[in-house]
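> Provided below are the primary sequence and the corresponding predicted coordinates.
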Amino acid sequence: MVSQCTICEKFKRNIQKEPLVQDSNPGYLFQRVAIDLFEMAGHDYISIIDAYSGFIISEKLSRKTSSHIIEVIVRIFDRVGYPSEIRCDNSPFGSVAFEKFANEANILFTFSSPRYPQSNGLAEKGVAITKNLLRRCYEVHETDRFQYRILEYNTTQVATMKLSPAQLFFGRQIKTRLPVASQLLYRSNINEVDIQEKIQKKKEKQKYYYDRTARSLPMLNVGDLVIFKKNGKEWQYGKITDNINDRSYIVLDNFGNYFRRNRRFIAKTKNNEISTSELLFEDHIRNNVNSECNNDKEINIILPNKKNNTDVNISLSKNNDNTIVPPKSNTPNEAERSTEQQSSSVIHNESSHRDSFVPDSGTEVAEMPDKSARPFVTRSGRVSAPPVRYGNFAKKII
């Protein structure tokens, strides 16, 4: 009973997380970078972080348009080189302008699942670091020193790597305003195999602690009736139409809209009554209309009525242009009743006012308007009628 309750499924708790799926280790600098946008104190910024070295680049954006973001990205890549792959969100990097830029620059764009920032954890980590540095600059009113704070971070040694992001990126340490040993400024031969082993060891440690509270979820198939999180915390009903990968699916809601969601935000429903009456409602109509579209007869469609568990017979007809015409209800609704009442009251007042008018002697009466002209309802629902004063207009002869 509880598993088939509509209210219980609507406010269902979140699904337990799945085991961590990690990307392959990058083999060289800028093989894969993560890009994300963020806002701080009313200003927009872009953050770029390299997956191999952890080197961070950030710039302030004057406007948040695709053309300006591409201009800033090109300016950065012209200085440090172009990456092979970019991990980013769908907006605004999924626009046509970015698709054109990707083809011109020979860059592969990989998009994360909507409303699941964990799938692009590298970009979120870069934003968190950049925000922390920028927040300190705003605290001491030194926003003009923001780029220098990023330089200090890039020259700080990472505990697990025993090297700084700048050393991994440039092959040597970068000099800042702080004192630095001269031997660190020389180019050193970094053992790439040792770096790969350290990266792999760090990722294995992350997966070990993450998977302690995770469990695998069964895969979903195309056509499965599910509940998913469309917007916010409530679950809504939908149907699987396609799968991007083992963890990401395309879901169709009962309004005909498609959404991409991670597996953690999708659960298989056990409410068969809801699935047949709501999710398959449009498919039922579409299939019956298409099968009877070539006939000139009326189309009878039987739909379930959820109020009294009976079937409702709906008749659809066709125009000359083969368009389906919905049936007209024989019972007027409240808006039609109020319009008819208002129209009848206006007509009654107009006729009574005309009958009570008696012209004086020596008075020429103007031609009365056509009584057959009745008030009409405009598109906004307002009743329009000829003004009463025109019907009682009289012109006195001097």
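That came through fine.
> all helices of this protein, in order?
Using DSSP state H, the helices of the chain run over 6-10, 66-80, 96-105, 121-139, 146-154, 165-170, 192-210, 272-274, 281-291, 334-355, 388-391.
> could you export the third one as CSV, CA atoms only?
To tie it back to what came earlier, the one meant is helix 96-105. Extracted in CSV, the C-alpha atoms of helix 96-105 (Å, rounded to 0.1, in the frame of the first residue of the first chain):
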residue,chain,number,x,y,z
VAL,A,96,25.6,26.7,-30.6
ALA,A,97,28.4,29.3,-30.2
PHE,A,98,30.4,26.9,-28.1
GLU,A,99,29.8,24.0,-30.5
LYS,A,100,31.2,26.1,-33.2
PHE,A,101,34.2,27.0,-31.0
ALA,A,102,34.8,23.4,-30.2
ASN,A,103,35.0,22.4,-33.8
GLU,A,104,37.3,25.2,-34.7
ALA,A,105,39.7,24.6,-31.7
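> surely residue 155 touches residue 163?
No - using CB atoms under 8 Å, residue 155 makes no contact with residue 163, being 10.6 Å away. For every residue, glycine as well, the C-beta is placed using N, CA and C.
> need the overlap of contacts for these two.
Counting by CB atoms under 8 Å, 6 or more residues apart in numbering, no residue touches both residue 155 and residue 163.
> mind listing what residue 147 touches?
So residue 147 contacts residue 58 (CB under 8 Å, 6+ apart).
> what about residue 184, neighbour count?
Per other CB atoms under 10 Å, the neighbour tally for residue 184 reads 14.
> let me redo that: residue 65
13.
> what pLDDT is listed against it?
Note for residue 65: predicted pLDDT of 93.
> and the gap between it and residue 33?
Residue 65 is 21 Å from residue 33, where distance means CB to CB, to the nearest Å.
> repeat for residue 234
For residue 234, the distance to residue 33 equals 36 Å [CB to CB].
> please apply the same query to residue 160.
Distance from residue 160 to residue 33, by CB to CB: 20 Å.
> with neighbour numbers in mind, choose between the two.
Between residue 160 and residue 33, counting by other CB under 10 Å, residue 33 is the more crowded of the two (27 against 10).
> can you give me the pLDDT of the spatially closest residue to the more buried one that is not a sequence neighbour?
The shortest distance from residue 33 to any non-neighbouring residue, by CB to CB, 6 or more residues apart in numbering, is to residue 83 (4.5 Å). We note a pLDDT of 95 for residue 83 in this prediction.
> I'd say residue 83 and residue 31 touch.
Yes - with contacts counted by CB under 8 Å, residue 83 reaches residue 31, the gap being 6.9 Å.
> which of those two has more neighbours?
Neighbours per residue (other CB under 10 Å) separate residue 83 from residue 31, with residue 83 holding more: 22 against 15.
> got a list of what that one touches?
Contact partners of residue 83, counting by CB under 8 Å, 6+ apart, are 30, 31, 32, 33, 50, 77, 107.
> over to residue 196?
25, 27.
> please apply the same query to the one 4 residues further on.
Under the criterion of CB under 8 Å, 6+ apart, the contact partners of residue 200 comprise residue 25.
> again, but for residue 93
By CB under 8 Å, 6+ apart, the residues touching residue 93 are 35, 86, 109, 111.
> one more pass at 7 Å, please.
By CB atoms under 7 Å, 6 or more residues apart in numbering, the contact list for residue 93 reads residue 109.
> pLDDT value on residue 270, please?
pLDDT, residue 270: 76.
> what about it, distance to residue 262?
According to CB to CB, residue 270 and residue 262 sit 21 Å apart.
> residue 256 now?
With distances taken as CB to CB, residue 256 is found 22 Å from residue 262.
> residue 248 touches residue 113, doesn't it?
Yes - the criterion here is CB atoms under 7 Å, and residue 248 meets it with residue 113 at 4.9 Å.
> comparing those two, which residue is more hemmed in?
Here residue 248 and residue 113 are set side by side on neighbour count (other CB under 10 Å), and the busier one is residue 113, at 22 against 19.
> grab the nearest non-local neighbour of that one.
Of all residues not flanking residue 113 in the chain, residue 262 sits nearest, at 4.2 Å (CB to CB, 6+ apart).
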